[in-house]
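Visitor: Next come a sequence and a model predicted from it.
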Amino acid sequence: MNFATIAVGLAVAAVLVFATYCSVRSFRNGKCSGCKECGKCKRR
Amino acid sequence: MATLREVACGGSAKVMRISAQGPMRKRIMDMGITKGCTVIVRKVAPLGDPMEVCVRGYELSLRKSEAEAIEVE
Amino acid sequence: MSRVIALAGNPNCGKTTLFNRLTGSSQKVGNWPGVTIDRKEGRIKAIGAVLVDLPGIYSLSPYSPEEVVSRDFLLDSRPDAIINIVDATNMERNLYLTSQILDMGIPTVIALNMMDTVRRDGTVIDTEKLSKALGCRVVGISALKGEGMDELLEAISSAGETPKPVRLSDPLEKSISEISGKLEGKVPDGHLRWYSVKALERDVLAIERIGESWEEISEIIDDLEKAEDDESDSLVASERYSSISDVVVSSVKTKRASGGYTTSDRIDRIVTNRWLGLPIFAGVMFLVYYISITTVGGWGTDWVNDVFFGEWTIPGAAAWLESMAVDPVLTAFIVDGLIAGVGAVLGFLPQMLVLFVLLVILEDSGYMARIAFVMDRVFRRFGLSGKSFIPILIGTGCGVPGIMASRTIESERDRRITAMTTTFIPCSAKLPIIALIAGALFGGSALVALASYFIGVLAILLSGIILKKWPSLSGTPSEFIMELPPYHIPGVATVIRSTFEKGWAFVRKAGTFILLACGIIWFLSAFDWSMSMVGDINDSMLADIGNAITWIFVPLGWGDEWQFSVGTITGLLAKENVVGTFGVLFGFSEVAESGDEIWPIIGAMLTPIAGFSFLAFNLLCAPCFAAIGAMRRELGTWKATGAAVLYQCLLAYAVSMVIFQIGSLLMYGTFGIWTVAAFATVALAAYILVSKEPFARARQKISEAAA
């Protein structure tokens, strides 16, 4: 386990957490696919 | 009594009566087809149905079965 | 308490654009009680009022849910004012609704929209004259361009007078006052005119509210009908239009005589021509896919896969990580898992972008409305109307808005059937799967894409027949009356913006769901149950999971290798995952280095027929979770949604099996028990299609069992 591994590992973990957060949030927004076509997105 | 269904492409007719009842009747009248107005038959879609007509200045699509419920002369 | 203002108008008159302009980001979407129609509400900051968007309606009849919801809101919730948006290029029909709104006695301001188009056509509208004739303020605006907004806001703030109702002919007005006399005191004063006119029309909802006074009123109406020799509702409609016509003639001067042929008409003569219409449509769609998948888009994808990922990103990332002596497991996770998976999906971005551009152009130009027109007759044979075609066409982009678009269909039954079958048409997320199979087993032929869409449409049509026979969904086909808007050259800015939005949504999806899924898949495929890395992927956890279910798919031709079933399952999260999963499992990163792609690997594992069967299954089976969620919203209950998904999976299984078994029989002469099963399935399908009440006996058995 060297420094590079830890650094890269943390970076990847951060990205994955963020990805999870985005996925969960869009699921909560009414299971939409984020296409914005229907105008139903809660965030405009 | 002749109905709108029988009017040929390019021909026009004057509406005498709407024999349809209920929701269809309301829809036909709400879209502007009423007694006394002139309807021009533009064309018939591929496969024969629906037909496109011009009424009160704009284009409208009607099924032949709906056109049958509109009596004209 | 802030003022409440209602926004009412015809569909397609720019109401949504105006609503967005007035309320900006303060919109909230909810539901009207009792119906599945959206209720949009927002704040108009400039004047501190709440704006409620009513559904687009042509009239205030008692029949469709949109109209009933609007009537009830205006009568019972009594907003402080109404903005009636009217399309200036279509005034007579729009003012028909206006005349009914004015009867309600609520202060009204007319927003005359599309003034920019009016000016371009050379038409001149005297809004002052219109105002005087209609008895309420008329403000010319262009919601699209943002013109007239200030004047509109000022008019709304100062609106307070009860408007003058549109006057009908003398005999009618006389009958109306007689009826008013009978209704006085029985209905709120402000509503007297509304109820009198509706009673005259024999409006069923009005009659309900009136109660016993109806008898005497009925006599008044009978007298009128005898005198005028026409039914009362026809008289009222005629007279409304007649008065409107007078108003319009006095205040509008057009350049072009109405009734003449416009350029739109000339185009339509060819495009919807009896004999040319369908071939033209087939040709257009083929061209769209040829450009996006086989040629322009295809070249882009090849470059992205071979160069961007194959030569740059993957080797580059691998080298960089190794140079820093990062733990090899982590390196593998990143390169073989995340980058390989997401890369496989993003590789298709060029093809998708080209496709999006073309579809947006088709949609924006107005061609899609013509398609519904042309397809109506075909659809009626299968029990649906051409209106069901629009959600399908939207579904070629993404199934979610496609399913939601089924709301424009009035017939409840057609709406539900359309919602259930819209996802049969390949959405953009399924495109990578199509492109993959086409590339790996069919030499990149555009015919694979065309066949996929053909299968989709066929599935929808046949489902229409089958589902109509299911008792809870039977009934007569809905009416089909629809406007054909004039053709319109799509603005370059609009097309670019739309395409960019869709493309970005695709990338975002890749960066989130798919990234996660690929990470998990890699993990499950690289380790075995004791959490140590495996040399051969067939020893991994994923292989075990895959092997546990893959036997289900053996009759379909792709169950021998577990990777395909795993791919299909991951497709439930997002259809792009199927390709992403393959990217991880077939070592996209490794073969990318060697210059090849995963195509040859798949080519070695499946026969073309098996590949096509796999494609068909993934096209037709349950859609991604987002789409399932959308179906749930339209169908109302989880039970109905579950039934719909089950139907889709069963259909997918049957179709795939038939394709594989009978296809193999024809091409390779293989014959076995499953071939027999396939023929039996075809026979069963034929039986269901042809017989009148195929489900009657099944239902009987079910109700007997329940009793």
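Guide: Everything's here; your move.
Visitor: list the buried ones in stretch C:219-226?
Guide: C:220, C:221, C:224, C:225 (16 or more other CB atoms under 10 Å in any protein chain shown). Heads up, the C-betas are built off the backbone N, CA and C, glycines and all.
Visitor: of those, closest to chain B?
Guide: residue C:225 (12.3 Å; CB to the nearest CB).
Visitor: Confirm for me that the closest one is in contact with residue C:234.
Guide: No - using CB atoms under 8 Å, residue C:225 is not in contact with residue C:234; the gap is 9.3 Å.
Visitor: Could I get the full set of strands for chain A?
Guide: Shown for chain A, no strands are assigned by DSSP state E.
Visitor: So which residues of it form helices?
Guide: Remark: helices assigned in chain A by DSSP state H are A:3-28.
Visitor: Show me the shaky parts of it.
Guide: A:1, A:26-44 (pLDDT under 70).
Visitor: One more: the stretch 251-400 of chain C?
Guide: Ranges of the stretch 251-400 of chain C meeting pLDDT under 70: C:255-265, C:272-274, C:373, C:376-378, C:380-386.
Visitor: Check the average confidence over the helix or strand hosting residue C:499, would you?
Guide: Per DSSP states H and E: residue C:499 is located in helix C:492-509. For helix C:492-509, mean pLDDT rounds to 79.
Visitor: Check what contacts the helix or strand just after that helix and list those residues.
Guide: Where DSSP H and E defines the elements, the next helix or strand beyond helix C:492-509 is helix C:515-526. With contact meaning CB atoms under 8 Å, 6 or more residues apart in numbering or on different chains, helix C:515-526 is reached by A:15-16, A:19-20, A:23, C:332-333, C:336-338, C:340-342, C:533-534, C:537, C:540-543, C:545, C:566, C:570, C:573-574, C:577, C:580-581, C:583-585.
Visitor: hmm, try it at 7 Å
Guide: Helix C:515-526 is contacted from outside by A:16, A:19-20, A:23, C:332-333, C:336-338, C:341-342, C:533-534, C:537, C:540-542, C:570, C:573, C:577, C:580-581, C:584-585, using CB atoms under 7 Å, 6 or more residues apart in numbering or on different chains.
Visitor: which residues touch the residue lying closest to residue C:351 once chain neighbours are set aside?
Guide: Leaving aside its sequence neighbours, residue C:351 sits nearest to residue C:297 (CB to CB, 6 or more residues apart in numbering or on different chains; 3.4 Å). The contact partners of residue C:297, by CB under 7 Å, 6+ apart, come to C:291, C:350, C:351, C:354, C:355.
Visitor: before we move on, back to that, does chain A sit close to the helix holding residue C:499?
Guide: Yes - Helix C:492-509 lies within reach of chain A by CB under 7 Å from any CB of the partner chain, at C:501, C:502, C:505, C:508, C:509.
Visitor: Where does pLDDT dip in chain B?
Guide: For chain B (pLDDT under 70), the answer is B:44-49.
Visitor: Can you name the residues of it sitting close to chain C?
Guide: So chain B meets chain C at B:18, B:23-24, B:26-27, B:29-32, B:34-36, B:40, B:43-50, B:52, B:54, B:56-63, B:66 (CB under 7 Å from any CB).
Visitor: Just the buried ones from the contacts of helix C:515-526?
Guide: Buried among the contacts of helix C:515-526 (16+ other CB under 10 Å): A:16, A:19, A:23, C:332-333, C:336-338, C:341-342, C:534, C:537, C:540-542, C:570, C:573, C:577, C:580-581, C:584-585.
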